[in-house]
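Peer 1: this is a predicted model, with the sequence first.
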Amino acid sequence: MGNKRHPARGLVTLGALAALVCLAVTAWLHLGWRATDVTLEDRSGDPGELRGFTLQGVRRWSSGESCLTFDLHDGYLDTEFFFDFSPFWTTTAATHGCDVNYVVRPQDRAAANANAWEELTAEDGSRFIHTSTNTVRRMYAMTLPGDTYLRVAGEDVTAEDPVEMLWISGPYTASARLNFQNADYSYWESPGADLYPQQSPTAKNPVPLGDGWALCWKRQEGDRAPGLYRASGLTVEEINALPTDGEAYGQEVLCNSTEFGTLEAFYCPADAEVALAGASMAGGYTLLLYLDAQDTLWADLVDENGQRTDHREVTQLPPDCEDYQAVLLARTTDRDAVFTLESVPDADYWDKTISPRLAALRVENGKFTVVESLADDSTFTTLAAVLNAEGDALLIAGEHNFDGITSETGLQTLQGLDLRVQPLDGSAATYQGRLNLGGEREWGRLAGASSRIMERVVDFPTIQKDRG
């Protein structure tokens with residue numbers, strides 16, 4: 001009598017082997033990533049100075065979907081590996097875009113049409129229509145979080161020479177009305193008409209306000225004063241449904257001079273010369289940083305009705321600068337806000353000195369409990385800064401670039417973060433360290449040889465209310 005076969009036993013054995021292989025692969029992957037883990041290196045000072053600080057970040061690569069998170073809290077460093085980076089894309093603060101253009105004013109449209117001429121017609125039927133005018137209107141088209149759009153008028157500008165305008169009339173999609181050039185006459189280029197470059201009139205980060213957004217309008221333009229403005233935009237479908245309201249070269253168009261969406265004043269201090277930035281703070285309060293005529297930087301706190309509840313001097317900024325900028329850094333709590341401050345003497349950023357500072361603020365019960373500013377002495381760009389629990393020092397993280405070549409591509413990529421604990425009283429740093437990103441240990445550092453450039457990138461998650 002022959003031996004009986006037991007196929008179930010074979011399946012069990014194969015299943016066990018498959019499970020072992022999966023465990024081995026998983027362990028290998030995790031150990032491999034652990035070999036390139038983020039690590040903390042104490043350089044000088046007392047490591048105990050890290051108590052009271054929380055700094056969180058995501059370490060990833062410019063190619064690939066995997067990442068490592070790190071959490072430095074009270075001097076302890078915790079890291080965790082993720083195969084999918086996508087959940088962390090939403091952790092950065094919301095931004096908004098702004099396109100600037102110059103258009104034909106309504107009162108000049110008849111003359112512009114009379115002067116228009118057609119240069120050529122493209123194969124797809126697009127017609128290149130030109131005209132010229134001496135006085136143009138500055139227009140701002142802004143993208144708000146949630147993919148809504150807002151367009152508002154700025155000032156009228158008269159050039160010494162006629163300004164050439166171009167309209168590309170052709171078969172476009174519904175979103176053509178968001179493109180100045182494709183919707184109506186707009187500025188093209190003209191010798192002697194120095195209308196560009198033109199900066200956005202608003203600060204980089206929109207400010208959450210109730211269930212919507214506010215924009216920080218930087219300078220006086222027309223009847224719009226510096227300050228915070230409640231912004232509301234239209235969707236592409238709503239813009240496409242707007243009726244035509246003018247004519248361009250015999251065709252009905254939605255004029256580029258037509259505004260849509262709303263931008264309503266929420267809080268505009270009477271003494272503001274430049275509004276730099278805002279932030280949504282604890283308890284439903286909103287923060288505004290602004291500069292007065294004496295180059296004094298002020299911090300105002302306002303309630304949900306736009307009524308000021310506190311007003312504090314922050315610092316003095318260099319006078320007579322071309323531009324001033326403030327950027328809200330990532331944060332772990334809405335009671336705190338830390339900004340980078342830059343005073344730009346000239347619009348040519350590359351050739352002129354920028355004077356960086358940091359401003360740290362804390363809010364409790366509608367009042368400021370911390371308002372301090374200090375010079376930013378980081379060797380490289382400051383990427384993050386957080387207040388400690390006591391509110392008397394900052395933990396500052398600046399980029400650290402390796403001195404040598406890190407891959408066959410010849411790129412010098414981000415190697416780590418230089419850390420320092422800086423007391424707000426202006427005294428010397430009490431601790432300096434470094435978060436190493438594992439570049440010198442990374443098994444994939446030569447991936448650039450196969451055209452996959454594995455640059456190390458660090459992102460700093462921020463709180464929910466700052467996100468887009």
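Peer 2: Nice, I can see it.
Peer 1: relative to residue 217, how far out is residue 147?
Peer 2: Here the criterion is CB to CB, to the nearest Å. By it, residue 147 lies 22 Å from residue 217. For glycine as for every other residue, the C-beta is placed from the backbone atoms N, C-alpha and C.
Peer 1: who has more neighbours, the two?
Peer 2: For the pair residue 147 and residue 217, the greater number of neighbours falls to residue 217 (24 against 10), based on other CB atoms under 10 Å.
Peer 1: gap between the more buried one and residue 223?
Peer 2: In this structure, residue 217 and residue 223 are separated by 12 Å, where distance is defined by CB to CB.
Peer 1: cool, and residue 272?
Peer 2: As for residue 272, its distance to residue 223 is 15 Å (criterion: CB to CB).
Peer 1: could you do residue 310 as well?
Peer 2: If you measure residue 310 against residue 223 using CB to CB, the figure is 28 Å.
Peer 1: after the longest strand seen in the chain, which helix or strand is next?
Peer 2: Ranked by number of residues, the top strand in the chain under DSSP state E is strand 148-169. Following strand 148-169 in sequence order, the next helix or strand is helix 180-183 (DSSP states H and E).
Peer 1: next secondary structure after that following helix?
Peer 2: strand 186-187.
Peer 1: just how off-centre is that following strand within its chain?
Peer 2: On the basis of CA atoms, centre = their mean, to the nearest Å, strand 186-187 sits 27 Å off its chain's mean C-alpha point.
Peer 1: cool, and stretch 50-58?
Peer 2: Relative to where its chain is centred, stretch 50-58 has its mean C-alpha point 22 Å off (CA atoms, centre = their mean).
Peer 1: who's more crowded, residue 272 and residue 223?
Peer 2: More neighbours surround residue 272 than the other of residue 272 and residue 223, with 24 against 6 (other CB under 10 Å).
Peer 1: and that one, how far is that from residue 430?
Peer 2: Using CB to CB, one obtains 36 Å as the distance from residue 272 to residue 430.
Peer 1: and for residue 185?
Peer 2: Relative to residue 430, and taking CB to CB, residue 185 is found at 61 Å.
Peer 1: ok, residue 145 next?
Peer 2: Applying CB to CB, one obtains 39 Å for the distance of residue 145 from residue 430.
Peer 1: which stretches of the stretch 301-450 of the chain form strands?
Peer 2: 308-316, 323-328, 336-344, 355-364, 367-375, 382-387, 393-401, 414-423, 431-436 (DSSP state E, counting those that start in this stretch).
Peer 1: outside of the last one, which residues touch it?
Peer 2: Around strand 431-436, the neighbours that count as contacts under CB atoms under 8 Å, 6 or more residues apart in numbering are 38-47, 49-50, 70, 72, 77, 397, 400, 415-421.
Peer 1: which of these are buried?
Peer 2: Buried subset of the contacts of strand 431-436 (neighbour count, 16 or more other CB atoms under 10 Å): 38, 40, 45, 49-50, 70, 72, 397, 400, 415-421.
Peer 1: would you check which pair of these lies furthest apart?
Peer 2: The most widely separated members of the buried ones among the contacts of strand 431-436 are 49 and 415, with 23.3 Å between them, by CB to CB.
Peer 1: where does residue 403 land on pLDDT?
Peer 2: At residue 403 the predicted local confidence, pLDDT, stands at 48.
Peer 1: same check, this time on residue 6
Peer 2: At residue 6 the predicted local confidence, pLDDT, stands at 54.
Peer 1: then the one 5 residues further on?
Peer 2: Note on residue 11: pLDDT of 53.
Peer 1: now swap in the one 3 residues further on and tell me
Peer 2: You'll see residue 14 listed with a pLDDT of 62.
Peer 1: do you know how far residue 429 is from residue 130?
Peer 2: Look at residue 429 and residue 130: by CB to CB, they are 60 Å apart.
Peer 1: ok, now residue 377?
Peer 2: Here the criterion is CB to CB. By it, residue 377 lies 53 Å from residue 130.
Peer 1: neighbour count for the two, which is higher?
Peer 2: Residue environment comparison for residue 377 versus residue 130 gives the larger neighbour count to residue 130, 16 against 13, counting by other CB under 10 Å.
Peer 1: and that one, what element?
Peer 2: Secondary structure here is read from DSSP H and E; on that basis residue 130 sits in strand 127-144.
Peer 1: give the pairing partners of that strand; include direction for each.
Peer 2: Looking at strand 127-144 with DSSP bridges, its partner strands are strand 97-104 (antiparallel), strand 117-121 (antiparallel), strand 148-169 (antiparallel).
Peer 1: next, the buried residues of that strand.
Peer 2: By neighbour count, and taking 16+ other CB under 10 Å as the criterion, the buried residues in strand 127-144 are 128-133, 136-144.
Peer 1: got it, and stretch 424-444?
Peer 2: Neighbour count says stretch 424-444 has 424, 429-439, 442 buried, by 16+ other CB under 10 Å.
Peer 1: in the stretch 151-300 of the chain, mark out all the strands, start to finish.
Peer 2: Assigned by DSSP E, counting those that start in this stretch, the stretch 151-300 of the chain shows strands spanning 186-187, 207-209, 212-217, 227-232, 246-248, 251-253, 262-267, 274-280, 286-291, 296-302.
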